[in-house]
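J.: below is the sequence, then the predicted model.
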Amino acid sequence: MNLLDKNWSGLLIFATLTIFSCEDPSEVGLGLDPDGIETGVYYEELLLPAQNVFIDSIRTSTGEQFRFLIGKITDDVFGSTSSTAYAQLSTVSSVQPLVFRLDTLSTDPIVVDTLWTKYVIDSAVLTLNYGDISSSEATVTSQTLSIHEVDDQLFSGVYYLADFETPILPAESAHGFSFTPRMDSLTLEDPSSDTVHFKLNQTWAERLFEIARQSDRAQLLREDFKGIAIVPDETNTAMIEYLSTGLTALNVHYHLEADTVYADSLVVNFSLSAANAKYNKITTDRTGSLIGNHIGDNLENFSTGDNKLYINPASGIHPKLSLQPLVDFLEADGNELIQLNNVEFELVSEGTETPLNNKVKNLRLYFIGDQSQININGLSAQNLYTTGVMTDIGYLTGSLLLLNLPIDTSAVKYRGAATLFAQSVNNGYIDLKPEEGESIRNSLVLLSTDPMSIDRSIIPQDSIKMKIFYSKPN
C-alpha cells in the first residue's frame with residue numbers, strides 16, 4: 001500500500017521542500033507558505049541514544065555484492081577476525097572431442113589405418129581476482145593459504161550464515177601456498193584485471209577434467225567433487241577480498257597428444273560464480289581486545305566505556321539506536337498538529353582512512369525483529385513498515401527501497417533523508433511504541449549495505465541525530 005491517499009498534505013509539503021530546498025529555516029517557511037498564511041517554521045535536533053551490539057547471524061552467502069573473503073586481521077579494538085571461503089564449482093565448457101589421424105606410416109596402398117589422438121592434462125590453476133585488502137599493519141607481507149576439497153554438499157538457493165560449519169578434507173600435497181598481495185592493486189583505476197594464481201596438483205587436474213567429460217557433470221560437481229574451501233593460515237595479517245566474477249575461475253589446461261600446437265592449448269573453465277553455492281565462514285577471537293572485555297550476547301547492549309560506537313560488519317559489531325526521542329517529541333504538548341517538513345538522520349565518523357583501513361561506505365537502518373533478529377537479506381519476512389527505514393520514494397510507491405546513509409568524505413558524516421518515515425510514525429502507520437513487556441520495537445540497528453565488509457568506522461556516541469524542520473499553525 002502506498003501513502004499517497006493517506007498523507008497528501010505531508011507529501012505536498014515534502015514536494016515543496018524538494019523543489020525549494022534551502023539552508024535557512026526561515027526560507028523554508030517562505031517556501032511552504034507562498035500564499036502568506038501565517039505558519040510557524042521550527043527546527044529541532046534530537047540526539048538518539050545508542051550503544052554497541054553484537055549480531056551473530058549475518059548472511060555471507062550469495063548476493064549482489066558477494067566476494068570471497070579470505071584471511072585474518074587483528075587489532076586492539078575488535079580482536080582477531082578470520083574468514084574461509086567455500087565455493088561449489090560449475091562448468092559449461094566442453095572438452096574437445098578426440099579426432100582421427102591418418103597413419104602416414106602405413107605401406108598398404110588400399111587400407112589406411114586411423115589412430116585416436118589422446119588427451120594430455122597439463123595443469124589445473126585457480127585464479128583469484130583481487131577486490132580489496134585490509135590490514136591493521138602498515139604494509140602487507142607474505143600471506144599463506146591452503147586449498148581443500150569440501151566434504152559435504154553445498155546447496156544453492158539457501159542462506160548461509162557467517163558461523164555455519166561445512167566439513168573439509170585435509171589439504172592434499174602441494175595445496176599450500178604463500179604469496180605477497182600486490183599493494184598497487186589498491187590504487188589501480190580498474191583492479192578487475194589484477195589476479196593471483198595457484199597451481200593445483202595433478203590429481204585434481206585429472207579428476208576435474210574427467211568430470212568435465214561426463215554428461216552428468218553438473219550432478220558430479222554437486223555430489224562427487226562437492227566444492228573447494230580456501231583456508232587462511234593462523235599467521236596471516238591481512239583480510240583479502242576476491243571477486244567471484246571477472247577473472248576468478250579454476251581452469252584445467254590440456255592438449256591433444258598428436259597436436260602440432262603447444263601444451264596448454266585448450267582449457268576447461270570451472271566457474272566459482274554463476275548460481276552455484278558459495279559463502280564465507282567468519283570466526284572471531286576477541287580475547288584481550290577492547291570489545292572482547294565488554295561484549296554481550298546477540299543484540300545485547302554493551303558499552304566500551306569510551307563514549308564511542310564501533311562498526312565492523314564482518315565481525316558482527318554494530319550500533320543499536322533508540323527512536324524514543326522521536327516518539328517523545330511527537331507526543332509533546334503543543335505538537336499535536338505539527339507537520340514534519342524535512343527530516344534527516346546524521347552521524348559523525350571520526351578518525352582517518354588509510355589504504356589498508358577504510359571506513360564503512362554506506363549504512364542502513366534496520367528494525368529489530370520480534371525474535372531479536374534483524375530483518376535483513378531474508379532472515380525475516382520483508383514488510384514495508386517493519387523491515388527498516390526506507391527512502392521517501394519507497395513509502396510513496398510501496399516498494400522496499402531501503403534508505404542508504406552514504407559517508408560524506410568531506411564532512412566525515414553519514415547522512416540520509418527520512419521525511420516520509422518520520423511522517424509515517426507521526427500519522428500512526430509505523431508504530432514505535434513497545435507493547436507491555438516489550439522493549440525493542442523502537443530500536444534500529446545500523447548495518448552496512450555490505451554485510452561482509454571488513455571496513456571499520458568509529459562513531460562518537462553523542463553524534464547520532466535526527467534533524468527535523470517542522471511547522472505548526474500559530
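T.: Sure, I can see it. Numbers count the residues shown, from 1 in each chain.

J.: how does the chain divide into domains?
T.: As assigned by automatic domain parsing, the chain contains the domains 8-56+298-473, 67-285.

J.: list the helices and strands the longest strand seen in the chain packs on?
T.: Using DSSP state E, we find that the single longest strand of the chain is strand 119-134. Counting contacts by 3 or more C-beta pairs under 8 Å, 6 or more residues apart in numbering; DSSP states H and E, strand 119-134 packs against strand 67-75, strand 195-200, helix 202-212, strand 239-243, strand 249-256. Backbone N, C-alpha and C define where each C-beta goes, glycine included.

J.: how far off centre is the longest one?
T.: When you say that, I think you mean helix 202-212. Chain-centre distance of helix 202-212: 33 Å, with C-alpha atoms, centre = their mean, to the nearest Å.

J.: and the first one, by the same measure?
T.: Distance of strand 67-75 from the chain centroid (C-alpha atoms, centre = their mean) equals 13 Å.

J.: pairing partners for that strand, with directions?
T.: The pairing partners recorded for strand 67-75 under DSSP bridges are strand 79-87 (antiparallel), strand 239-243 (antiparallel).

J.: show residues contacting that strand.
T.: 60, 80-85, 87, 128, 131-132, 134-136, 143, 145, 230, 232-234, 236-244, 248, 272, 278, 280, 282, 289, 314, 452, 454 (C-beta atoms under 8 Å, 6 or more residues apart in numbering).

J.: how far off centre is stretch 198-211?
T.: Relative to the chain's own centre, stretch 198-211 is displaced by 32 Å; criterion: C-alpha atoms, centre = their mean.

J.: okay, and residue 421 sits in which element?
T.: helix 419-426 (DSSP states H and E).

J.: by contact count, what packs against that helix?
T.: helix 8-19, helix 324-331, strand 339-348, helix 392-397.

J.: a markdown table for the domains of the chain, including mean neighbour count?
T.: Converted to a markdown table, those look like this (neighbours: other C-beta atoms under 10 Å):
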| stretch | mean neighbour count |
| --- | --- |
| domain 8-56+298-473 | 17 |
| domain 67-285 | 17 |
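
J.: okay, those in TSV with mean pLDDT next?
T.: As requested, the domains of the chain are exported to TSV (pLDDT from 0 to 100):
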stretch	mean pLDDT
domain 8-56+298-473	80
domain 67-285	86
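
J.: I'd like the strands paired with strand 67-75 written out as JSON lines, with distance to residue 197 added.
T.: Putting the strands paired with strand 67-75 into JSON lines (distance: least, C-beta to C-beta, whole Å) gives the following:
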{"stretch": "strand 79-87", "distance to residue 197": "16"}
{"stretch": "strand 239-243", "distance to residue 197": "12"}
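
J.: quick one on the thing from earlier: in its sheet, what does the longest strand of the chain sit against?
T.: Sheet pairing for strand 119-134, using DSSP bridges, gives strand 195-200 (antiparallel), strand 239-243 (antiparallel), strand 249-256 (antiparallel).

J.: other residues contacting the first one?
T.: By C-beta under 8 Å, 6+ apart, the residues outside strand 195-200 that reach it are 123-130, 147, 174-175, 177, 179, 181-182, 247-248, 250.

J.: do stretch 206-221 as well
T.: Stretch 206-221 is contacted from outside by 88-91, 93-95, 119, 121, 124, 224-225, 227, 250, 252, 254, 268, 270, 276, using C-beta under 8 Å, 6+ apart.

J.: bridge partners for the nearest residue to residue 265 once chain neighbours are set aside, pull those for me.
T.: Distances taken as C-beta to C-beta, 6 or more residues apart in numbering place residue 255 nearest to residue 265, at 4.6 Å, with adjacent residues excluded. Note on residue 255: beta-bridge partners residue 120, judged by DSSP bridges.

J.: how far away is residue 255 from residue 266?
T.: Applying C-beta to C-beta, to the nearest Å, the value for residue 255 to residue 266 is 6 Å.

J.: what's the answer for residue 364, then?
T.: With distances taken as C-beta to C-beta, residue 364 is found 47 Å from residue 266.

J.: related to what we said a few turns ago, report the inter-axis angle for the helix holding residue 421 versus helix 324-331.
T.: 70 degrees (axes from the mean of the first three to the mean of the last three C-alpha atoms, to 10 degrees).

J.: re earlier: residue 355: which of the strands paired with strand 119-134 is closest?
T.: Closest to residue 355 of the strands paired with strand 119-134, according to C-beta to C-beta: strand 239-243, at 13.4 Å.
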